[in-house]
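1. When you get a sec, could you give me coordinates for this:
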Amino acid sequence: MLMVTDITAWHGSAQILFGVSLVVRPGEVVALMGRNGMGKSTLIRALMGLCRIRSGSVTWQGREIHRLPPYRIARLGIGLVPEGRQVFPTLTVRENLLAVAANYGQLEEPFTLEHVFALFPRLAERPGHLGRELSGGEQQMLAIARALMINPRLLLLDEAGEGLAPLVREEIWQGLDHLRRRGLAILVVDRDIDALLRISDRLLFMEKGSIVWQDEHPFPCLDSSVKLRYLGV
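-> From the prediction side, this is the model:
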């Protein structure tokens, strides 16, 4: 579905990505982990056209997309939940969702307001609240729901549970597990390794702008030394 081949990217004069390659297959959940500053968010931004790729390629369903603007990438059926949530602060929950509603992924059973409200009942209780009036966890749920309203075939989540209370994080992980069982492909960035192990088909670690370790479920090679090396402080 998604094939990333040897991409490089810079912020100004500083190179951030060094020949990153990965694939996401249909219906697969791929978890991307690593310490802060290792290039994970830059990779997500690069996939959505928000950060220019200097070399390499990004192919979506057989078509190169790395030269397309972000809105055209979204219209191909790729949804983004950005770091920091970035919900529309002066729109209500309902307006945040309806503002982007489309079926870009051409799903046979598209997501609707009813679907995303069932996925995140907290949002169903606050349809008239402005985005800025929601808690951090509710804003994250809204950001995920908003991305689902374009009906993507691939969902990109940057820092899915960062800074959220444990109970709220668990609600989000349960929601992602539901999406996995529905067959939605997901590339998710987070540091909650225990939660990611529950829902992921494949686990990748980034270090200094490169993919340095990966394994597939049931992760027979993942042990405490790997966790310490790539996640320890």
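2. and Phe88, which of the three is it?
-> coil (DSSP: H, G, I helix; E, B strand; the rest coil).
3. Secondary structure element holding the residue most central in space within the chain?
-> Nearest residue to the geometric centre of the chain (C-alpha atoms, centre = their mean): Leu157, 1.6 Å. Here Leu157 sits within strand 154-158, counting by DSSP states H and E.
4. elements contacting that strand?
-> helix 40-47, strand 78-81, helix 136-148, strand 185-189 (3 or more C-beta pairs under 8 Å, 6 or more residues apart in numbering; DSSP states H and E). (Each C-beta comes from the backbone N, C-alpha and C, glycine too.)
5. which secondary element of this protein has the worst mean pLDDT?
-> helix 224-231 (a mean of 78; mean pLDDT, DSSP states H and E).
6. Counting neighbours, which bits of that one end up buried?
-> Of all the residues in helix 224-231, those buried under the rule 16 or more other C-beta atoms under 10 Å are 226, 230.
7. The closest residue to Phe117 other than its chain neighbours and Gly62: what is the separation?
-> Using C-beta to C-beta, 6 or more residues apart in numbering and skipping residues adjacent in sequence, the residue nearest Phe117 is Ala124, 3.7 Å away. Ala124 is 38 Å from Gly62, where distance means C-beta to C-beta, to the nearest Å.
8. ditto for Leu107
-> Distance from Leu107 to Gly62, by C-beta to C-beta: 19 Å.
9. more crowded one of the two?
-> Taking neighbours as other C-beta atoms under 10 Å, Leu107 and Gly62 compare with Leu107 leading, 15 against 7.
10. Can I take it that Val30 is in a strand?
-> Yes. Read with three-state DSSP, Val30 is one of the residues of a strand.
11. what's near enough to touch it?
-> 22, 24, 186-188, 200-204 (C-beta atoms under 8 Å, 6 or more residues apart in numbering).
12. any chance you could map the helices in this protein?
-> Counting by DSSP state H, the segments of the chain that form helices are 40-47, 70-75, 93-98, 113-119, 121-124, 136-148, 166-182, 193-199, 224-231.
13. Of all those, which one is nearest Ile16?
-> helix 40-47 (4.5 Å; C-beta to C-beta).
14. Can you give the distance of the closest one from its chain's centre?
-> Distance of helix 40-47 from the chain centroid (C-alpha atoms, centre = their mean, to the nearest Å) equals 10 Å.
15. how much does it deviate in direction from strand 154-158?
-> Here the directions of helix 40-47 and strand 154-158 differ by 150 degrees (axes from the mean of the first three to the mean of the last three C-alpha atoms, to 10 degrees).
16. Please list the residues outside helix 40-47 that contact it.
-> Contact partners of helix 40-47, identified using C-beta under 8 Å, 6+ apart, comprise 2, 4, 7, 9, 11, 16-17, 20, 32-34, 51-53, 58, 66, 73, 78, 80, 82-83, 156, 158-159, 187, 189, 206, 209.
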